[in-house]
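A.B. asks: here is a sequence together with a model predicted from it:
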Amino acid sequence: MHPAPSLILFTVLSGIGFGLLVWLGLGLSAPVGLAAFILFGLGYGLAGAGLIAAAFHLGHPERALKAFTQWRSSWLSREAVLATATMAVMAPHAASSAFAATPLPLFGWLGAALALVTIFATAMIYTQIKAVPRWHHWSTPPVFVLAALAGGAMLAAQTTLAHFLMLALAAAMVAHWIAGDKRFAQSGSTTGTATGLASLGRVRLLEPPHSGRNYLLREMVHVVGRKHAHKLRLIALGFGAIFPALLLMLPASYGTIALALIVHLTGMTAQRWLFFAEAEHVVGLYYGKR
Amino acid sequence: MTTLPTTTQKKLGLVIDLDTCVGCHACVISCKGWNTENYGAPLSDLDAYGGEPEGTFLNRVHTFEVTRDTAPPMVVHFPKSCLHCDNAPCVTVCPTGASYKRQEDGIVLVNESACIGCGLCAWACPYGAREMDGAEKVMKKCTLCVDRIYNENLPEIDREPACVRTCPAGARHFGDFADPDSNVSKLTRERGGFDLMPEQGTAPVNKYLPPRGRDTLDMPDLASMCDPAPENAKGFLGWLDRALERL
Amino acid sequence: MTQPKLNLSPQVSDEVRKTTCYMCACRCGINVHMKGGKVAYIEGNRDHPVNKGVLCAKGSAGIMQHLSPARLRAPLKRVGPRGSGEFQEISWDEALQIATDWLKPLRATAPEKLAFFTGRDQSQSFTGWWAQAFGTPNWAAHGGFCSVNMAAAGIYTMGGSFWEFGQPDWDRTKLFLIFGVAEDHDSNPIKMGLGKLKARGARVIGVNPIRSGYNAVADDWVGITPGTDGLFILSLVHELLKAGKIDLGYLIRYTNAPYLVNAHDGPEKGLFLRGEDGKPLVRDRRTGQAVAWDKPGISPDLGNGVEIGGLTHLPVFRHLADRYLSDDYAPEAVAERCGIPAPRIRAIAAEIARVAFDEEITIDQPWTDFRGVTHDRMVGRPVAMHAMRGVSAHSNGFQTCRALHMLQILIGSIETPGGFRFKPPYPKPPEAHPRPHAGYAPGQPLDGPHLGYPLGPEHLLIDDDGQPKRIDKAFSWDAPMSPHGMMHMVISNAHAGDPYQIDTLFLYMANMAWNSSMNTSQVMEMLTDQNPDGSYKIPRIIYSDAYSSEMVAFADLILPDTTYLERHDCISLLDRPICEAEALADSIRWPVVQPDRDVRPFQSVLLDLGARLGLPGMIKEDGTAKFKDYADYITNHERRPGVGPLAGFRGNGTGQGRGAPNPDQINRYIENGGFWIDHIPEEAQFYKPWNAAYQDWAVARGLYDSPQPYLFNLYSEPMRKFQLAAEGHGHRQPPEHLRARLIQTMDPLPLWYPTFTDADTDPADYPLHALTQRPMAHYHSWGSQNAWLRQIHGHTPLYVSGDLWTEHKFAEGDWATLTSPHGKITLQVVRMDALNPRTVWTWNAVAKRRGAWALSEQAPEATKSALLNHLIHELLPPKGDGLRWANSDPVTGQAAWYDLRVRIEKAPEGQSLSYPAHPAQASPVPKAPQDITHQVKA
Ligand SMILES: Nc1nc2c(c(=O)[nH]1)N[C@H]1C(S)=C(S)[C@@H](COP(=O)(O)OP(=O)(O)OC[C@H]3O[C@@H](n4cnc5c(=O)[nH]c(N)nc54)[C@H](O)[C@@H]3O)O[C@H]1N2
Ligand SMILES: Nc1nc2c(c(=O)[nH]1)N[C@H]1C(S)=C(S)[C@@H](COP(=O)(O)OP(=O)(O)OC[C@H]3O[C@@H](n4cnc5c(=O)[nH]c(N)nc54)[C@H](O)[C@@H]3O)O[C@H]1N2
Ligand code: SF4
Ligand code: SF4
Ligand code: SF4
Ligand code: SF4
Ligand code: SF4
Ligand SMILES: [Mo]
């Protein structure tokens, strides 16, 4: 799949934003006053920025409101509804923490639960796509959820929690890659099934339908070199989870947290880039790209 | 309307005959012509006369080569448009309800005025049957020519998809798969019509007919056919004489 | 949630205008849907005899052709050097004045100094008539580089060939063999026909080095080595003869198989033995005597001869059998050369025999033959064949096409149910065609039609020294039977001043600076080559095109044409009509929209020019123009009394074929959907050359002036006459260097010899064959300006066989250079296994010169494409004898495009552009729009 910057930003930023909101909502760290203003602001800001980035991906953002209507069937719609609900439900808790120095735990917990489900919904947008076998697996949501929670915990200065979540994230990433590498084969889709010609012999694309490019190729067929992918995986794993986990073992300070954050975001960007770029869509079978 | 209807009254779709398709792209362009002028926004062409032209097409013809161990390689032309799946994943992922499957005939459509152009439905389709229009930024797909097949402004005989009407080789057939006696149901039964990527669980309505056996010509020697064999020139004259006698 | 409400019956158009497609020369009927006076949508016309509603990709994309940014906008006068593309737009008055000033003195002094050649237009009877009135012998259309081998072999052998001459009996045939066809002129009919065969489960055998398109759907594929079809066909003949699976009754009744061949040494040797009255003689089996072939009640012999003067004169069939029964034609003997295993050749022969004789079909339809004998039914041999340039575009193509027709005739399948059927006005034997003419004189019209069918050396167009009278050297010893002329030689001969200098080259609708010339790079040099005084070697070039093609840049004066939706055209019985085997038909084009530019229909311009030049037939007595425009000509011109360009609705509107001009004729065509059709009576539908009912019907329709029954020429006497001349008989003698070649290739019975290139090439230097194929979605160079079509085929990959791929260790994305004795091209390679192992190929005519066709200079047509034409030459490599040996068929002059041999090398790493890359030509039209979202919606 095409690793669109808007989608990488969306998943990384809104993930970490909602992750932070989970912890803030749960009251694990219960800042008040300016601290609350800053932290909640950060959570809302990141989540919002991610959503705005996502809107850049839309052909018709002016019709975005319509995306709230299909929550019964569509994970994207659910994500939109849940994200908004999270922000709305969390708002009294946030406002009260910041301006009245009084957290409202009921709103907080409910908000945290919604934030968690929002992150899950984001993951499900991808996980549900059967046509992208790498995504269509139980190992996808853990990566999204753990990344959000680990990043969020780090922002919430829950260093120990963050440390363990980072390790869990590392494990999730590795699991996702290991599982993911086998997924296309497991999906059973081959040029043979795509064309139905398997029983006749070995099937190979001779000529693409058009010599010109098209939307499908641009959007869904992206080939990453094996070496390149390997390097990026190391970066994603190291920067996204392991180094932050190590940094978080140092005595907590704004400096280390800021450093860990930067390292983590860099790693997660690499992870998300790979998440898209390495994901092969079965439509590639019709274009000899597999 | 993003949930799928549990059943549809009709199941309209296409049968595509891979034994007959010569790969002429006629269906591709008649589809482009009809749908540029009709349903929704025109199908655009970006950089139309430039170095990287990229247009929207609802139907494209791929060409595959099949190599075999004991027979010569085959070439198979492979037209592909939306299969109007019964279990259409493109519909259920749509956040706006722009994508829907019609209850009355099962046609999968995009309501362009509700489409936000998120592209998710195109991701969900295993077949590459949806394309986001580069100019209009809404999702485009085969409409099964819904604006032709019931169109009272067209003579009855023309109420069929543009691609079917135009196919010179007669490799495309349109009909109702819910009716076991329809042309498409019969063809599918008789010729072993199959689904593309059944493992994707989409339950496509459109069916493909396999190429018939190729390169099977295997005849007894002519010698066994003639009476009596005029093996050499001399024998030939004798045979000729007898044959002329019989005329 | 409810579904959106849809308008299921939107208005499709305000009006449908029915005319004829011209995205290619197949001439399908189209319904042009109009909205607000604009073209909204084009579909096939269901009533039309050619396409019956279907339409190909090109046809449906007509709207983009009509709106092409490459359309010329006004007459152009060259202001920069030739080839630069720098022009100034001028008025029609000025343009026509320039043309008149150039041509008038020529006509008065030396009309032959005008060479007027036209491309694939459909007004050849009109342009030929104009050239005849002008008085130049130098006129022809594109047939010489196209497929004259097929046409000429068909006419000389049986009075017609494939495509516009005839078609398989698609509804009845049970076995269909298709040789060397990628697309052909009958684009839609062939696909419709294949569809019918497939629906019935009939067997299709494709003979082609490349398995794509029609060959991909063929049940059996014969991946033959290029240039060897003749050998393969004669091997099939060998097998059928050996097995006695031939239709002797048919051969006796309808062919010259029983004719006795003169065996006496001397000037008559090899000609038919004739009686006092000139009638060919046959041996009557009952009496053993030689009697006139048509004497009633005889039983002609095929095996034995007649002894006269101590020599036995054998019948044609005996010569034929003796030749093809030879072991030289045994499957084993040809298998390796043809690249087809012997058992497969046997199997195909056996299948032909089985279907022809064991699956005979009959139609219960009585008919009467020209001898007056009535038959109570029509017996058919349901084996049909079709062939095109894969067999014809070789230097052994004429004889190969003859061999193919002979095969069809031997099994008795021509004009019988399930076999091959002529389309009127064919069949028409060579004798019924005119002879060629080249008698010119200052200020005078030519002494007769330019083109025709020579029946012997006496009909050659050479002067007393044996020098060709035509600039293209058609009908000279170089190509004695060249009934379509040799357009591919014009530029190179005019440049060389061989046989003489010309002044003005006038071209119409032919991209001669690019894809229709062999040796393209050098042709561009010839067109721009100057004398020491700075004048051009070819002094003046006038060209009519509708688009900004490569050729435009090389002309001095451009007469811009309309698009096909903006003009009248006439698809005439005098020309290349749209008839079907069951019907006579012709059609028109008419302006369904008016041009929005300062362009004029070329035919009308030609009439205007003719009037300005005072050409006979184009002016009234008072010297003013006789015809207002082409529509006026179509309606009122008469070729013979009562016979004009259009056959339908003549006289008071009921005249079919014959009748006085009808002022309302064009309107009647428009009302009728743009065409006219007249069905052949049932009893006249088959056996047309010998069917009395057909002959009478054809006379009534004005196709012939009297019945013309004839026999098929298994043995070609005209060819033997040329061969006799080469053997030293007669006063017209070929030049010495051509003698041996003429003796070999003018054989009156079909034969195979290796193509000249194959014969002369050391396989170590050039081991491979290189071919082009037409893409179904493009028409020559026209397709690339079409925004929709160019996305399908926007570049020309080089397809290489699996064997070569492995041998040269190619990987995806690699580029390779092809080298021939004449040049190099570099293209990106693609692997194709379903390909003859020693063959490479690419698409024809997709490659473009930078700056042409209003495409950007980055267009893949220019950057990732190359014409194979750069590797081909109109001449064979010099043999060291100082002579120019044409790379053409020695009989007809057909350009031998597919004789090409090459070698392949992997291009160096980092190659990303195709070669050659000619510099850009300036564009005489404005820059094309970036994006298009065309919708007319009312
Ligand atoms: N390598 C290779 N070369 C080949 C062949 C091959 O098989 N291989 N095939 C050969 C054969 S068979 C042929 S017929 C030739 C064809 O080659 P050409 O005869 O050169 O055909 P086109 O490229 O179509 O060029 C025709 C010209 O007509 C112009 N034109 C189009 N429409 C109109 C119109 O309405 N009015 C006017 N006035 N002009 C118009 C086009 O713009 C174009 O410039 O190519 C030959 N060249
Ligand atoms: N779409 C489209 N239609 C066209 C045209 C076009 O440009 N585009 N051009 C029109 C014109 S002008 C013409 S002349 C016709 C030509 O119609 P075709 O003759 O069908 O066209 P070509 O592309 O020359 O195809 C030649 C075929 O012969 C094969 N071949 C080459 N050498 C040999 C050989 O030695 N033996 C055998 N058996 N096969 C061989 C090639 O692989 C190729 O498939 O098409 C007409 N129709
Ligand atoms: S083919 Fe693709 S777009 Fe069409 S219904 Fe099936 S999943 Fe949806
Ligand atoms: S692109 Fe349009 S139709 Fe497709 S999922 Fe998004 S909103 Fe729905
Ligand atoms: S049914 Fe209509 S929309 Fe669908 S592919 Fe055919 S022409 Fe195009
Ligand atoms: S129009 Fe028919 S034959 Fe041509 S590509 Fe389409 S399906 Fe195949
Ligand atoms: S074959 Fe195609 S391009 Fe040619 S006349 Fe017919 S519809 Fe037009
Ligand atoms: Mo041609």
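C.D. replies: Done, it's in. Numbering: from 1, shown residues only, chains lettered A, B, ... in the order given. Ligands and ions are numbered 1, 2, ... in the order given.

A.B. asks: okay, now residue C:284: neighbour count?
C.D. replies: Close neighbours of residue C:284, defined as other C-beta atoms under 10 Å in any protein chain shown, add up to 19. Glycine gets a C-beta too; all of them are placed from N, C-alpha and C.

A.B. asks: and it, what are its phi and psi?
C.D. replies: Backbone torsions for residue C:284, taken as degrees, to the nearest 10, come to phi -80, psi 120.

A.B. asks: correct me if wrong: it contacts residue C:296.
C.D. replies: No: with contact defined as C-beta atoms under 8 Å, residue C:284 does not reach residue C:296; the gap is 11.2 Å.

A.B. asks: give me the mean pLDDT for the helix ranked longest in chain A.
C.D. replies: Longest helix in chain A by number of residues (criterion: DSSP state H): helix A:159-187. Across helix A:159-187, pLDDT averages out at 96.

A.B. asks: next helix or strand past it?
C.D. replies: helix A:191-195 (DSSP states H and E).

A.B. asks: that following helix and chain B, any residue contact?
C.D. replies: Yes: Helix A:191-195 reaches chain B (C-beta under 8 Å from any C-beta of the partner chain) through A:191, A:193, A:194, A:195.

A.B. asks: how many residues are close by the residue in the stretch 701-850 of chain C that ligand 7 sits nearest to?
C.D. replies: Proximity of the stretch 701-850 of chain C to ligand 7 (C-beta to the nearest ligand atom) peaks at residue C:779, 6.4 Å away. For residue C:779, the neighbour count with other C-beta under 10 Å is 25.

A.B. asks: circling back to that earlier point, can you point out the buried residues in the longest helix of chain A?
C.D. replies: A:159, A:161-163, A:165-170, A:172-173, A:176-177, A:180, A:183-184, A:187 (16 or more other C-beta atoms under 10 Å in any protein chain shown).

A.B. asks: can you check stretch B:5-23 too?
C.D. replies: B:5, B:8, B:10-23.

A.B. asks: most widely separated two among the residues you listed?
C.D. replies: The span of the buried residues of stretch B:5-23, defined through C-beta to C-beta, is set by B:5 and B:22 at 36.5 Å.

A.B. asks: follow-up on the earlier one: mind listing which of the buried residues of stretch B:5-23 are in strands?
C.D. replies: Counted as lying in strands by DSSP state E, out of those, are B:12, B:13, B:14, B:15, B:16, B:17.

A.B. asks: give the contact list for the second one.
C.D. replies: By C-beta atoms under 8 Å, 6 or more residues apart in numbering or on different chains, the contact set of residue B:13 is B:83, B:84, B:106, B:144, B:174, B:175, B:177, B:184, B:204, B:205, B:206, B:207.

A.B. asks: show me which of the residues you listed are buried.
C.D. replies: B:83, B:84, B:106, B:144, B:174, B:175, B:177, B:184, B:204, B:205, B:206, B:207.

A.B. asks: still on that earlier bit, can you put the ones in strands among the buried residues of stretch B:5-23 in JSON lines and add distance to residue C:620 and pLDDT?
C.D. replies: JSON lines is the format used below for these (distance: C-beta to C-beta, whole Å; pLDDT from 0 to 100):
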{"residue": "B:12", "distance to residue C:620": "63", "pLDDT": "98"}
{"residue": "B:13", "distance to residue C:620": "64", "pLDDT": "98"}
{"residue": "B:14", "distance to residue C:620": "60", "pLDDT": "98"}
{"residue": "B:15", "distance to residue C:620": "62", "pLDDT": "98"}
{"residue": "B:16", "distance to residue C:620": "60", "pLDDT": "98"}
{"residue": "B:17", "distance to residue C:620": "59", "pLDDT": "98"}
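
A.B. asks: for the residues you listed, which one is nearest ligand 5?
C.D. replies: Nearest member of these to ligand 5, counting by C-beta to the nearest ligand atom, is residue B:14, at 6.7 Å.

A.B. asks: who's in contact with the closest residue to the closest one other than its chain neighbours?
C.D. replies: When the adjacent residues along the chain are set aside, residue B:14 lies closest to residue B:206, with 4.7 Å between them (C-beta to C-beta, 6 or more residues apart in numbering or on different chains). Counting by C-beta under 8 Å, 6+ apart, residue B:206 touches B:13, B:14, B:15, B:16, B:81, B:82, B:83, B:84, B:196.

A.B. asks: where does residue C:281 land in three-state SS?
C.D. replies: strand (DSSP: H, G, I helix; E, B strand; the rest coil).

A.B. asks: quick check: it touching residue C:292?
C.D. replies: Yes: counting by C-beta under 8 Å, residue C:281 touches residue C:292, with 6.3 Å between them.

A.B. asks: returning to that earlier point: which members of the buried ones among the contacts of residue B:13 occur in helices, if any?
C.D. replies: Among these, the ones falling in helices (DSSP H) are residue B:184.

A.B. asks: quick one on the thing from earlier: for the contacts of residue B:206, which one is nearest residue C:179?
C.D. replies: Of all these, residue C:179 sits closest to residue B:16, with 28.2 Å by C-beta to C-beta.

A.B. asks: run through the bridge partners of that closest one.
C.D. replies: Note on residue B:16: beta-bridge partners by DSSP bridges are residue B:172, residue B:208.

A.B. asks: now do the contacts for it.
C.D. replies: By C-beta under 8 Å, 6+ apart, the residues touching residue B:16 are B:79, B:171, B:172, B:173, B:206, B:207, B:208, B:209.

A.B. asks: quick check on the residues of helix A:191-195 next to chain B: which are buried?
C.D. replies: Using 16+ other C-beta under 10 Å, the buried members of the residues of helix A:191-195 next to chain B are A:191, A:193, A:194, A:195.

A.B. asks: how much space between the last one and residue B:191?
C.D. replies: When C-beta to C-beta, to the nearest Å is applied, the distance between residue A:195 and residue B:191 equals 16 Å.

A.B. asks: how about the buried ones among the contacts of residue B:13 in TSV, adding pLDDT?
C.D. replies: Formatted as TSV, the buried ones among the contacts of residue B:13 follow (pLDDT from 0 to 100):
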residue	pLDDT
B:83	98
B:84	98
B:106	97
B:144	98
B:174	98
B:175	98
B:177	98
B:184	98
B:204	98
B:205	98
B:206	98
B:207	98
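
A.B. asks: I'd say residue C:181 and residue C:387 touch.
C.D. replies: Yes: between residue C:181 and residue C:387 there is a contact at 6.7 Å, judged by C-beta under 8 Å.

A.B. asks: which of those two has more residues huddled nearby?
C.D. replies: More crowded of residue C:181 and residue C:387, by other C-beta under 10 Å: residue C:387, with 29 against 24.

A.B. asks: contacts only, for that one.
C.D. replies: By C-beta under 8 Å, 6+ apart, the contact set of residue C:387 is C:150, C:162, C:178, C:179, C:180, C:181, C:229, C:401, C:404.

A.B. asks: any idea what it is bridged to?
C.D. replies: residue C:179.

A.B. asks: that one and ligand 3, how far apart?
C.D. replies: 41 Å (C-beta to the nearest ligand atom, to the nearest Å).

A.B. asks: go on, residue C:911?
C.D. replies: 38 Å.

A.B. asks: that residue touches residue C:829, doesn't it?
C.D. replies: No: judged on C-beta under 8 Å, residue C:911 makes no contact with residue C:829 at a distance of 10.6 Å.

A.B. asks: overlap in contacts of those two?
C.D. replies: residue C:815.

A.B. asks: what about the two, which has more around it?
C.D. replies: residue C:829 (23 against 17).

A.B. asks: assign a three-state SS to the more buried one, would you?
C.D. replies: Quick answer, by three-state DSSP: residue C:829 is strand.

A.B. asks: state the pLDDT value of it.
C.D. replies: Confidence score, pLDDT, at residue C:829: 98.

A.B. asks: residues contacting whichever residue of chain A sits closest to ligand 1?
C.D. replies: Closest approach of chain A to ligand 1 (C-beta to the nearest ligand atom) occurs at residue A:211, with a separation of 18.7 Å. Contact analysis of residue A:211 by C-beta under 8 Å, 6+ apart lists C:791, C:792, C:793, C:794, C:795, C:860.
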